[in-house]
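> quick one: sequence and predicted model below, then my questions.
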Amino acid sequence: RVCVILDVSGSTEDLYKNRYLGLVTTMVGGIALNLADNGDLDVMAFDSSLYDNLPGFTASNADTYIDKNVFDTHRGRFLVGGRATHYAKPLRALPKKYGPGAPVFAIFITDGENQDQADALEALVDLSYHGPVFVQTVGVGYGLSVSFDNLKEMNELGVVNPGPGEDRGPRYIDNAGFCTVDFKRATEQQVYDALLNEYPRFLAKALKSGLLPWTKAPVATRPGRGGIFGRR
């Protein structure tokens, strides 16, 4: 499954008003449809709450999706969201939404720093023990001037058994990537390359580790936690 996770916190208001996040969603969604196996992208949105009942994103509703479901640019108001930025809730929702062991590529679009970084890091670590779920974070902002330090910290978190170029840390597998693109100037190929800058390596590692459902999965338990498929 392919899931797009949209930041609808208050700080994104101007990015929706000037249709920049509409452009981002349309470009990212259009590319991601090529990865989905059913021509339909699941969509979640978040601020300090989680909105998981949004319609699917398809080729037929791509151009009007944001206006009809997320932010009414004509009236300049959120249809969902408008509060603080919390990453942990959508991250924790993924294994519940798809079930343990389900392969998921989640595209996480946000404009900056979150207020629950410790909890978000913990959620990302937990997610690495739930199976082949990869979170591609996409930082968006004016002129790419935002530092995105929290997203970079999530991306750089180490793994239990590091390979070449990896640091030691708490994750079972490196299950997150990070990119930032100037969507007003980028070509579709540049966006595609950015979205998949780390995912192929993740798939190779997941295959080798037995995390994919067509492989024989090992028993991998996080100390004090449940098994790789989310048994708690």
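Yep, that arrived. Numbering: from 1, shown residues only.
> pick out the residue closest to the middle of the protein.
Taking C-alpha atoms, centre = their mean as the criterion, F108 is the residue nearest the geometric centre of the chain, at 2.7 Å.
> name the element it belongs to?
In the assignment (DSSP states H and E), F108 maps to strand 104-110.
> surely S49 and A88 touch.
No - with contacts counted by C-beta atoms under 8 Å, S49 stays clear of A88, the gap being 11.7 Å. For the C-beta atoms, the positions are set from N, CA and C on the backbone; glycine is no exception.
> pLDDT weak spots in this protein?
Residue ranges of the chain with pLDDT under 70: 142-146, 213-232.
> give the contact list for the residue nearest to the centre of the chain.
F108 makes contacts with 5, 87, 90, 135-138, as judged by C-beta atoms under 8 Å, 6 or more residues apart in numbering.
> what about the nearest residue to R171 once chain neighbours are set aside, distance to D47?
Closest residue to R171 apart from its sequence neighbours, by C-beta to C-beta, 6 or more residues apart in numbering: S128 at 4.1 Å. According to C-beta to C-beta, to the nearest Å, S128 stands 25 Å off from D47.
> please apply the same query to L23.
Relative to D47, and taking C-beta to C-beta, L23 is found at 21 Å.
> same deal with L211?
Taken as C-beta to C-beta, the span from L211 to D47 is 31 Å.
> go on, L212?
Taking C-beta to C-beta, one finds L212 at 33 Å from D47.
> kindly report the same for R1.
On the measure of C-beta to C-beta, R1 and D47 end up 23 Å apart.
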